[in-house]
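Student: Okay, sequence plus prediction incoming.
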Amino acid sequence: MNANSIFNSNLKAAQQPTWPDQGAVDSVVKELATYPPLVFAGECDNLKAKIAQAAAGNAFWLQGGDCAETFVAATADSVRNRIKTILQMAAVLQYFSSLPVVKVGRMAGQFAKPRSNDNETRDGVTLPAYRGDAVNDLEFTKGARTPNPNRLLKVYNTSASTLNLVRAFTQGGFADIRQVHSWNKGFAADARFSARYEEMANEIGRALQFMQSAGVDPEAFKSVDFYSSHEALILEYEKALTRIDSRTGNPYDVSAHFVWIGERTRQLDGAHMDFAEKIHNPIGVKLGPKTTPEEALAIIKKLNPKNEPGRLTFISRMGATLIREKLPPLVEAVSKSGAIVLWVCDPMHGNTYEAPSGYKTRKFDDVLDEVRGFFEVHKKLGTHPGGIHIELTGDDVTECVGGGDQISHEDLATRYESACDPRLNHTQSLELAFLVAEMLRDHKK
């Protein structure tokens with residue numbers, strides 16, 4: 001059975017590139033369809049089981065990585081530093097909450113971005129907008145900005161090499177919880193949080209030594225399960241990498257373990273929702289401040305009519321000023337319906353603004369306040385604040401203002417490296433983890 005035949009090709013797909021040569025696109029899609037899976041259906045099912053655990057209040061979801069990956073930044077050092085940051089955050093969250101943490105990277109596939117406008121104009125010159133390395137190049141020239149479907153082949157190859165590194169780092173000893181001390185080396189971390197982290201690492205170390213002295217040395221200490229995710233945006237790519245699982249006969253998108261549908265592409269009668277409906281991966285859907293309870297319930301009916309635990313994750317992106325007002329009606333309606341959904345907070349996308357210098361940025365305090373509002377809503381309604389979805393890097397960039405480093409608007413130009421939206425740097429990410437861990441611990445009381 002050809003997996004592509006299950007999708008409705010007559011539906012409109014929002015936010016797609018305007019490819020200049022459809023024949024070239026068809027050739028690339030045909031080639032991609034012959035490539036091996038990047039992930040396996042069984043791994044997707046394992047993640048689904050962990051999401052079900054988190055939705056039931058027995059785990060916490062941590063998803064982090066680049067706003068938009070670039071080919072040039074897919075280096076071993078960059079991948080290792082992002083994994084290290086997520087592992088550190090997970091260790092903090094797990095230690096203080098006593099909940100298992102589901103670790104998911106926004107990586108090995110996050111190469112495309114939706115845009116508000118199809119074109120960009122500079123000094124009277126209008127060219128196609130940058131839609132991520134999957135489509136075109138950031139350089140502002142006609143050649144660089146012309147959408148090129150051959151880039152989708154590079155997305156696959158770069159994702160494959162990234163996943164190879166992820167598996168090596170998470171299964172080959174680097175992720176061993178007994179290495180928790182060494183994870184913090186090599187970063188110019190804020191002294192307050194590096195000290196807190198070291199204190200926590202010492203306590204973990206003593207607990208592990210006690211267990212080892214008692215003859216307990218579980219294999220679980222030596223590696224971690226780490227899952228890949230990205231927005232399912234360019235449908236030619238996602239459909240080309242959809243395969244029929246030999247165990248079950250069900251279609252899976254084998255480009256990632258978890259894919260999500262964005263705020264701009266979740267039209268109920270659109271091609272993206274049709275795609276999400278047909279595949280058997282765990283699915284995320286972004287919900288912005290204009291989402292109505294009726295829309296949320298309609299999404300559930302379309303994507304998870306059988307109410308399968310772990311199938312559907314709602315990722316709220318409201319903005320710090322709106323979350324306390326806009327999220328409660330959605331959570332109440334979903335809870336009342338009996339639907340099993342994992343609630344995750346994306347405190348990044350609703351808090352972006354332009355600094356006086358022209359850089360897109362976010363205030364650390366706004367990010368923190370949206371997470372705090374997310375916890376307050378769930379506390380009041382008696383539901384589980386299931387996780388966070390963070391744009392971050394393991395490097396010491398200067399893209400978001402505030403935090404322990406006290407990055408100012410004037411500092412943004414120092415190391416602003418993002419190809420798209422601003423990310424928390426390593427220190428800000430770790431600081432956020434400590435603060436969220438305290439919220440999670442208090443929520444459980």
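Tutor: The structure has been received and is ready for your questions.

Student: so where do the helices sit in this structure?
Tutor: 22-32, 41-55, 76-97, 142-145, 151-171, 191-213, 235-240, 271-278, 293-303, 323-337, 364-381, 426-444 (DSSP state H).

Student: any chance of the ones you listed in TSV, plus mean pLDDT?
Tutor: Below are these laid out as TSV (pLDDT from 0 to 100):
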stretch	mean pLDDT
helix 22-32	97
helix 41-55	98
helix 76-97	91
helix 142-145	98
helix 151-171	96
helix 191-213	76
helix 235-240	97
helix 271-278	98
helix 293-303	98
helix 323-337	98
helix 364-381	98
helix 426-444	90
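
Student: of the ones you listed, which approaches S418 most closely?
Tutor: Across the helices of the chain, S418 has its closest neighbour in helix 76-97 (12.5 Å, Cβ to Cβ). Every residue, glycine included, has its C-beta placed from N, CA and C.

Student: For the spatially most central residue of the chain, give the beta-bridge partners.
Tutor: Against the mean C-alpha coordinate of the chain, by Cα atoms, centre = their mean, the closest residue is R106 at 3.8 Å. Going by DSSP bridges, R106 is paired in beta bridges with G65, S229.

Student: what does F60 give?
Tutor: Bridge pairing for F60 - DSSP bridges - gives V101.

Student: To G387, which of the helices of the chain lies closest?
Tutor: Closest of the helices of the chain to G387 is helix 41-55, at 6.3 Å (criterion: Cβ to Cβ).

Student: Please put the alpha-carbon coordinates of that closest one into PDB.
Tutor: Taking Å, rounded to 0.1, in the frame of the first residue of the first chain, the C-alpha atoms of helix 41-55 are listed here in PDB:
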ATOM      1  CA  ALA A  41       6.900   3.200  14.700                       C
ATOM      2  CA  GLY A  42       7.600   1.300  17.900                       C
ATOM      3  CA  GLU A  43       9.500   4.300  19.200                       C
ATOM      4  CA  CYS A  44       6.500   6.500  18.400                       C
ATOM      5  CA  ASP A  45       4.300   4.100  20.400                       C
ATOM      6  CA  ASN A  46       6.700   4.200  23.300                       C
ATOM      7  CA  LEU A  47       6.500   8.000  23.400                       C
ATOM      8  CA  LYS A  48       2.700   7.800  23.200                       C
ATOM      9  CA  ALA A  49       2.700   5.700  26.300                       C
ATOM     10  CA  LYS A  50       4.900   8.200  28.100                       C
ATOM     11  CA  ILE A  51       2.600  11.100  27.000                       C
ATOM     12  CA  ALA A  52      -0.400   9.100  28.400                       C
ATOM     13  CA  GLN A  53       1.500   8.900  31.700                       C
ATOM     14  CA  ALA A  54       2.100  12.700  31.700                       C
ATOM     15  CA  ALA A  55      -1.500  13.400  30.800                       C
END
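
Student: ok now it, how far from the chain's centre?
Tutor: 15 Å (Cα atoms, centre = their mean, to the nearest Å).

Student: got the contact list for that helix?
Tutor: 59-61, 100, 102, 104, 225, 227, 243, 245, 247-248, 250, 252, 254, 257-258, 280-282, 308-311, 313, 340-343, 384, 386-387 (Cβ atoms under 8 Å, 6 or more residues apart in numbering).

Student: how long is stretch 245-263 end to end?
Tutor: 29 Å (Cα to Cα, to the nearest Å).

Student: buried stuff in it?
Tutor: Across stretch 245-263, burial judged by 16 or more other Cβ atoms under 10 Å covers 245, 251-263.

Student: Would you mind giving the helices of the chain as CSV with distance to S116 added?
Tutor: Output for those, formatted as CSV (distance: least, Cβ to Cβ, whole Å):
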stretch, distance to S116
helix 22-32, 24
helix 41-55, 31
helix 76-97, 27
helix 142-145, 16
helix 151-171, 21
helix 191-213, 35
helix 235-240, 20
helix 271-278, 17
helix 293-303, 21
helix 323-337, 21
helix 364-381, 20
helix 426-444, 26
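
Student: related to what we said a few turns ago, which residues does the residue nearest to the centre of the chain contact?
Tutor: By Cβ under 8 Å, 6+ apart, the contact list for R106 reads Q63, G64, G65, D66, C67, S229, H230, H389, E391.

Student: Ok, A59 next?
Tutor: For A59, the contact set (Cβ under 8 Å, 6+ apart) comprises K50, Q53, L99, P100, V101, V102.

Student: Would you mind giving me the confidence score for the fourth one?
Tutor: In other words, P100. As predicted, P100 sits at a pLDDT of 94.

Student: tally of neighbours for it?
Tutor: Around P100 there are 16 other residues, counting by other Cβ atoms under 10 Å.

Student: So it is in contact with Q94, correct?
Tutor: Yes: between P100 and Q94 there is a contact under Cβ atoms under 8 Å: 6.6 Å.

Student: Could you tell me which residues touch both of these two?
Tutor: Common contact partners of P100 and Q94 (Cβ under 8 Å, 6+ apart): F60.

Student: Stretch 352-366: which residues count as buried?
Tutor: So stretch 352-366, judged by 16+ other Cβ under 10 Å, has buried residues T352, A355, Y359, K360, T361, R362, K363, F364, D366.

Student: List the contacts of the last one.
Tutor: Contact analysis of D366 by Cβ under 8 Å, 6+ apart lists G319, A320, P347, N351.

Student: With respect to R206, which of these is nearest?
Tutor: Checking the contacts of D366 against R206 by Cβ to Cβ gives P347 as the nearest, at 33.5 Å.

Student: I'd guessed the closest one sits against L368; true?
Tutor: Yes: the pair P347 / L368 is scored as a contact, 7.5 Å apart, by Cβ under 8 Å.

Student: any idea of the pLDDT on the residue lying closest to H280 once chain neighbours are set aside?
Tutor: Distances taken as Cβ to Cβ, 6 or more residues apart in numbering place N250 nearest to H280, at 4.4 Å, with adjacent residues excluded. If you check N250, the pLDDT there is 97.

Student: what do you get for the one 3 residues further on?
Tutor: What the model reports as pLDDT for D253 is 98.

Student: can you tell me how far it sits from F71?
Tutor: Relative to F71, D253 is positioned 21 Å away (Cβ to Cβ, to the nearest Å).

Student: do I299 as well
Tutor: Going from I299 to F71 by Cβ to Cβ gives 33 Å.

Student: So for these two, which sits in the more crowded spot?
Tutor: A count of neighbours by other Cβ under 10 Å puts I299 above the other of I299 and F71, at 24 against 14.
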